[in-house]
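*Asks:* Here is a sequence together with a model predicted from it:
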Amino acid sequence: MSAKNVNEKQKKQPIQTPKGTHDILSDEYFLYKTVLDKGEEIASYYGFKPIQTPHLEKEELFTTTLGETTDVVEKEMFKVKGKEGDNLVLRPEGTAPIMRAYLEHGMHTLPQPVMLQYQGSFFRHERPQRGRFREFTQFGLEILGEKRAIAEATIIQVMTLTLSELGIKQITVRLNSIGDKECQGNYKKELLKHYKKDTNQLCKDCQRRIKTNPLRLLDCKEEKCAEIKSGAPQMVNYFCSSCKQHFKEVLESLETNNIPYTLDSNLVRGFDYYSKTVFEFFEEEEELENIDTKNEVIKKEGTMATNTPLALGGGGRYDYLSKMLGRRDIPAIGAGLGVNRIVQIMKERKLEPRHKKNPKVFLIQLGSFAKYKSLNIMEMLRKAHISLQQSISKDSIKGQLILADKLNIPYVLIIGQKEALENSIIIRNMETRAQETVPIERVVDELKSIMQ
Ligand code: HAM
């Protein structure tokens with residue numbers, strides 16, 4: 001295409017956000033803030049300290065920990081070539097970076113466990129579809145240096161409380177244990193034996209999984225693999241005594257704390273760093289209501305192929321992650337909530353954001369002298385915590401009154417040339433249309449008394 005044609009094409013198509021990314025406009029922004037602040041508030045009470053890691057990380061941080069054959073590493077990382085030739089990526093997830101930071105800053109020398117919370121953007125080059133974006137927001141928690149089941153209960157409790165206090169009340173925690181390296185070795189052998197009987201009947205992904213990541217066979221949602229999956233051996237029968245004991249303690253700690261859960265023996269999660277406990281958070285669906293809680297597997301897997309519910313979050317234990325990064329084993333566990341998906345639900349339910357304040361006062365300024373004075377007035381109102389809307393560039397009083405009315409703002413302040421010179425301001429009640437003129441220095445007291 002010639003330069004001229006390229007220019008013409010650019011003229012016709014205004015530049016838009018890249019595929020799979022979104023602008024977050026004000027109304028939605030307040031929902032994001034509500035979710036993140038709620039998570040942060042609850043996590044702080046439970047002792048999680050904030051941490052922020054870079055959006056750019058070295059590629060090898062993820063290739064060595066998530067697994068070479070996982071979708072994220074194989075196809076979904078946004079790669080960035082640094083000028084010094086270093087291979088960087090936009091972080092696809094937060095757990096490996098947190099472990100890197102923990103080791104890099106010697107946090108293993110602090111009193112253990114170290115409990116961290118974080119929030120921000122993550123990037124995966126996925127095919128954009130319902131609930132899947134290329135840039136998305138997570139709220140995450142990690143407990144590093146704790147092997148006991150109370151860590152699982154703490155993470156699950158804080159995440160479920162966050163969801164339910166946001167108004168998403170019916171939450172299911174699907175829970176499983178995938179054992180440790182030893183039990184997984186034995187189990188994988190049996191699983192492969194079972195699947196190899198019928199390899200040709202499997203979907204393409206499962207045929208690949210047989211070679212690369214057999215545990216992920218259990219995660220397949222394709223109808224054609226449902227039958228062979230339902231007859232697959234159960235991991236629970238291959239647990240060593242310590243994995244069995246740990247999982248028992250996890251269940252007991254959830255029960256003691258009245259945290260409902262559902263066992264799902266097919267839940268395996270997507271990254272290689274997981275071991276033992278894994279879990280995901282879902283909004284309860286009517287069709288899943290009949291699932292027995294406790295010690296039962298999900299019975300309706302077959303029905304999930306067509307209308308798979310999206311996880312609102314997920315996590316698990318990752319006791320080997322630090323070893324994958326070349327250090328000794330550090331027991332650890334965490335979870336991430338998918339904030340975009342939570343915001344979507346809040347929008348559908350018309351759940352109100354916490355922060356959005358409907359302004360009580362509209363400030364009308366007429367003429368340039370009044371406009372200069374208006375900055376002082378805005379500051380007086382801000383200090384008095386009176387929320388305000390104004391239209392800095394409009395000059396017509398009619399247009400501004402119409403706007404205040406449209407926004408349902410009960411009081412209007414009007415400052416024109418005359419008022420500016422006299423250091424006064426008009427307060428107008430939009431409902432009764434009554435007006436009074438007061439000295440500017442009295443405006444806050446007057447507003448406070450009439451707005452009570
Ligand atoms: P994950 O399951 O990959 O785990 O992501 C956690 C949550 O982020 C998902 O349940 C989903 O709600 C949301 N999410 C993931 N990918 C996307 C996407 N492309 N678009 C929108 N939302 C998405 C992790 O990332 C682990 N680091 C969680 C963890 C923390 N495990 C231990 N500690």
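*Replies:* Yep, that arrived.
*Asks:* wait, Lys196 sits on Ile210?
*Replies:* Yes: here Lys196 reaches Ile210: they are 7.3 Å apart, a contact under Cβ atoms under 8 Å. In short, each C-beta sits where N, CA and C put it, glycine included.
*Asks:* out of those two, which sits in the busier spot?
*Replies:* Ile210 (17 against 9; other Cβ atoms under 10 Å).
*Asks:* hang on, the more buried one in a helix?
*Replies:* Yes: checked against DSSP: H, G, I helix; E, B strand; the rest coil, Ile210 lies within a helix.
*Asks:* So what pairs up with the closest residue to the ligand within the chain in the strands?
*Replies:* Residue nearest to the ligand within the chain: Gly338 (2.0 Å; Cβ to the nearest ligand atom). In this entry, Gly338 is beta-bridged to Gln138, by DSSP bridges.
*Asks:* I'd say it and Phe136 touch.
*Replies:* Yes: contact criterion Cβ under 8 Å: Gly338 and Phe136 qualify, at 6.5 Å.
*Asks:* neighbour count winner among the two?
*Replies:* Per other Cβ under 10 Å, whichever of Gly338 and Phe136 has more neighbours is Gly338, with 23 against 19.
*Asks:* which residues touch the more buried one?
*Replies:* Contacts for Gly338 (Cβ atoms under 8 Å, 6 or more residues apart in numbering) come out as Gly131, Phe136, Thr137, Gln138, Leu310, Ala311, Leu312, Gly313.
*Asks:* Nearest residue to the fifth one in space, please, no chain neighbours.
*Replies:* Take Leu310 and drop its neighbours on the chain: the residue closest to it by Cβ to Cβ, 6 or more residues apart in numbering is Gly131, 4.2 Å away.
*Asks:* Count the neighbours of the one you found for me.
*Replies:* When neighbours are counted by other Cβ under 10 Å, Gly131 comes out with 15.
*Asks:* And for the one 3 residues further on?
*Replies:* Residue neighbour count, defined by other Cβ under 10 Å, stands at 20 for Arg134.
*Asks:* try Lys224
*Replies:* Applying other Cβ under 10 Å, we find 12 residues neighbouring Lys224.
*Asks:* in the sheet, who's paired with Gln365?
*Replies:* Ile415.
*Asks:* Let's see the pLDDT reported for it.
*Replies:* Listed pLDDT for Gln365 reads 91.
*Asks:* which stretches of the stretch 251-400 of the chain form helices?
*Replies:* For the stretch 251-400 of the chain, the helices defined by DSSP state H, counting those that start in this stretch occupy 321-324, 339-348, 368-383, 397-406.
*Asks:* Export these as TSV, with columns for mean pLDDT and distance to Val443.
*Replies:* Output for the helices of the stretch 251-400 of the chain, formatted as TSV (pLDDT from 0 to 100; distance: least, Cβ to Cβ, whole Å):
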stretch	mean pLDDT	distance to Val443
helix 321-324	96	58
helix 339-348	96	36
helix 368-383	91	7
helix 397-406	90	16
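*Asks:* Just put the ones you listed in TSV and tack on mean neighbour count.
*Replies:* Shown next, in TSV, are the helices of the stretch 251-400 of the chain (neighbours: other Cβ atoms under 10 Å):
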stretch	mean neighbour count
helix 321-324	21
helix 339-348	19
helix 368-383	15
helix 397-406	14
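*Asks:* list the buried ones in the helix ranked longest in the chain?
*Replies:* If you go by DSSP state H, the chain has its longest helix at helix 26-45. Buried residues in helix 26-45, counted by 16 or more other Cβ atoms under 10 Å: 28, 30-36, 38-40, 42-43.
*Asks:* Measure how far it is from the centre of its chain, please.
*Replies:* 10 Å (Cα atoms, centre = their mean, to the nearest Å).
*Asks:* what residues are up against Met115?
*Replies:* Met115 neighbours (Cβ under 8 Å, 6+ apart): Tyr46, Gly47, Phe48, Lys49, Leu141, Glu142, Ile143, Leu144, Thr154.
*Asks:* Pairing partners for the helix or strand containing it, with directions?
*Replies:* Per DSSP states H and E: Met115 is located in strand 114-123. Applying DSSP bridges to the sheet, strand 114-123 is found paired with strand 49-50 (parallel), strand 135-144 (antiparallel).
*Asks:* With distance to Tyr320 and mean pLDDT added, can I get those in a markdown table?
*Replies:* Output for these, formatted as a markdown table (distance: least, Cβ to Cβ, whole Å; pLDDT from 0 to 100):
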| stretch | distance to Tyr320 | mean pLDDT |
| --- | --- | --- |
| strand 49-50 | 24 | 98 |
| strand 135-144 | 13 | 98 |
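*Asks:* picking up where we left off before, which of the contacts of Gly338 come close to the ligand?
*Replies:* Restricting those to those near the ligand by Cβ under 6 Å from any ligand atom leaves Gly131, Phe136, Gln138, Ala311, Leu312, Gly313.
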